[in-house]
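A.B. asks: fold the stuff below for me.
(one chain, ligands or ions: 1)
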Amino acid sequence: MSSLAEKLTSIVSVHFRAAGLDESFGTVRMSDRPDLCQFQCNGALAAAKALKRPPREVAQDIADRLKAEPIFAKIDLAGPGFINLDVTDAALADHLAALVADEQLGVADKGAGKTIVLDYGGPNVAKPMHVGHLRAGIIGDSLRRMYLFSGYRTIGDIHMGDWGLQMGQVISECARRHPEWPYFDAIFSGPYPKEPPFTFEALEEIYPTASKACKADPARMELARHATVELQSGRPGYRALWRHIVDVSVEGMKKNFGALNVFFDLWKGESDVHDRIGPMVRDLRAGGWALESEGALVIPVARNDDKKEMPPLMLYKTDGAVMYGTTDLATVAERVERYAPDRILYVVDQRQSLHFEQVFRAARLSRIAPENMDLTHAGFGTMNGTDGKPFKTREGGIMKLEDLIAMGLEKARARIAEAEIGRDMDADEVEDIAHKVAVAAIKFADLHNNRTADYVFDLDRMTRFEGKTGPYLLYQAVRIKSLLRKAAERGFAPSGNFVLHDPDRALAFVLADFPDAFEAGLRHDAPHHLCDYAWRLAQQFSGFYAACPILPEPDESLRASRLALCALTCRTLEKTLDLLGIGVPERM
Ligand code: ARG
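C.D. replies: Residues are numbered from 1 along each chain as shown. Purely as a prediction, here's the structure:
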């Protein structure tokens, strides 16, 4: 199915074509002045400019032709050549009935037959997860949901950093503390212990200590680098210890992302492409793409028309350790081979844009990326504290994701108690609601910003039940659910015969706009379009409900029509929130 604006676009386009004009001028969109008209088409202006004809004349010509179309109740000219359009109530009612019957709520499956790999989350093994990974996880998971809804085959990959220097730092720190462990015994022939020698909490202490020591002491750093190279070249004890570090970390990641309802299809990491790197580098050398430069191996990616400096992509540094760019390039190759995607989308901090530009150029030059495959870096801005500086703990340390989730949950519990929600519920249900409120608060606060903008993490504000917040939207959705339940208890059924008065029509147009809001979000990889939509729909509903008491409505057909509008609003709001990764409780 298509949206109402799309339907009108195709009708109006035909008439532009019939008038000898390009049909692309026929774009119709929902009016931003609903007091004047429901829809507008501004194409006559551009068409007139191209033809050097008076715009009003062109607009009049099109308007005259549109009179033959029964879908329009009103066709007016405005300003220099805008065409203002209203549709008939019968057409609107038909469209609503089609929306009710459509599982996709009007969204076309434009992605059918296409595959996308989404790379998001990107936490680093052994290092604590922080707010950057929170943003990557939340935004990436929402985009995965959106692509899936649009019909794509989606593959969400967490792409952990599990192969870098931090691994050597942890290994060498363990060797210093526990030289007696079999992992460090060069003649030990195995098998290595099955149980990890540390817990997640212990690991969270080991890494920062090791990292600090390496920064302070070049000799320690040298040991860590050496351990990294040995790990990567396959020293058995190091590989065995590394496996434990990865497993213990992944457990922690699963807990954190699970708490946020952020899902991944693949739990792969940089290490997964290690075996590809040797052959890939050989090919890159043979093809003349990779060159020695000052002891390192690089792929020059600069172009003559570059406005800013574009350093080469580094494949190997002098010590032979694998670089971030090398694994990313090999990962492109792996994804192409395994999934033949039409697109790979990287949801990663904006500050890595140069890295991705280098990787993408190297992938294109070397034909690792097929020409018709799209590579996009969907970067995001920094999350700041209420002081406007990058978000930190009160003590000035890095805010761990786990602590942030716990803070959100605690605040949600307090808000729920304040609002006297759940007095008649058991403790489990209240806790489930608190969890949903916390997730809604954190995710909506993040997603409603333009992806690339920095934003302020204000826990107090985002957990409120009023204003443009996640909890407000949950509250509205639950309110409709409760209304529908009450109606069902009284035996009132919704009806597909829509009766449209002003408030009904106004709500109907917002419902009909869902596919367009969705498309805008998908086109720009920008979930904030859906956040704006959810807020608009909830507010429109709130106005509608205030103007039209539904259960007391004596006119049965009007009541049944309004119940159907409520049910459609509920579905649309819940779907919108679901696409943002936000779940709605049954009651609250
Ligand atoms: N681990 C990286 C970091 O913490 C993010 C990885 C993003 N994905 C990628 N394919 N490079 O910054």
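
A.B. asks: looking at this protein, which residue is nearest the ligand?
C.D. replies: Taking Cβ to the nearest ligand atom as the measure, the point where the chain comes nearest the ligand is residue 122, at 2.9 Å. No exception for glycine: its C-beta is placed from N, CA and C like everyone else's.

A.B. asks: tell me the pLDDT at the nearest residue to residue 249 once chain neighbours are set aside?
C.D. replies: Excluding its sequence neighbours, the residue lying closest to residue 249 (Cβ to Cβ, 6 or more residues apart in numbering) is residue 125, at 4.4 Å. What the model reports as pLDDT for residue 125 is 94.

A.B. asks: the one 4 residues further on too?
C.D. replies: Here, the pLDDT recorded for residue 129 equals 85.

A.B. asks: isn't it up against residue 404?
C.D. replies: No: the pair residue 129 and residue 404 fails to qualify as a contact (Cβ atoms under 8 Å) at a distance of 9.5 Å.

A.B. asks: how about the strands in the chain?
C.D. replies: Here the chain has its strands, by DSSP state E, at 28-30, 39-41, 72-78, 82-87, 115-119, 153-157, 291-293, 296-299, 313-316, 343-349, 374-380, 383-384, 455-456.

A.B. asks: and the ones you listed as JSON lines, adding distance to the ligand, mean pLDDT and mean neighbour count?
C.D. replies: Converted to JSON lines, these look like this (distance: least, Cβ to the nearest ligand atom, whole Å; pLDDT from 0 to 100; neighbours: other Cβ atoms under 10 Å):
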{"stretch": "strand 28-30", "distance to the ligand": "36", "mean pLDDT": "95", "mean neighbour count": "19"}
{"stretch": "strand 39-41", "distance to the ligand": "42", "mean pLDDT": "97", "mean neighbour count": "24"}
{"stretch": "strand 72-78", "distance to the ligand": "49", "mean pLDDT": "96", "mean neighbour count": "15"}
{"stretch": "strand 82-87", "distance to the ligand": "46", "mean pLDDT": "97", "mean neighbour count": "22"}
{"stretch": "strand 115-119", "distance to the ligand": "5", "mean pLDDT": "98", "mean neighbour count": "25"}
{"stretch": "strand 153-157", "distance to the ligand": "8", "mean pLDDT": "98", "mean neighbour count": "22"}
{"stretch": "strand 291-293", "distance to the ligand": "23", "mean pLDDT": "93", "mean neighbour count": "12"}
{"stretch": "strand 296-299", "distance to the ligand": "16", "mean pLDDT": "94", "mean neighbour count": "21"}
{"stretch": "strand 313-316", "distance to the ligand": "13", "mean pLDDT": "94", "mean neighbour count": "22"}
{"stretch": "strand 343-349", "distance to the ligand": "4", "mean pLDDT": "97", "mean neighbour count": "22"}
{"stretch": "strand 374-380", "distance to the ligand": "9", "mean pLDDT": "98", "mean neighbour count": "19"}
{"stretch": "strand 383-384", "distance to the ligand": "14", "mean pLDDT": "89", "mean neighbour count": "19"}
{"stretch": "strand 455-456", "distance to the ligand": "19", "mean pLDDT": "88", "mean neighbour count": "17"}
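
A.B. asks: got CSV for those strands, with distance to residue 137 too?
C.D. replies: Putting those into CSV (distance: least, Cβ to Cβ, whole Å) gives the following:
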stretch, distance to residue 137
strand 28-30, 33
strand 39-41, 38
strand 72-78, 46
strand 82-87, 42
strand 115-119, 11
strand 153-157, 10
strand 291-293, 36
strand 296-299, 30
strand 313-316, 26
strand 343-349, 9
strand 374-380, 11
strand 383-384, 12
strand 455-456, 16
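
A.B. asks: residues in the stretch 151-300 of the chain within reach of the ligand, list them.
C.D. replies: 159, 161 (Cβ under 6 Å from any ligand atom).

A.B. asks: what do you get if the cut-off is 8 Å, keeping everything else the same?
C.D. replies: By Cβ under 8 Å from any ligand atom, the part of the stretch 151-300 of the chain that sits against the ligand consists of 159, 160, 161, 270.
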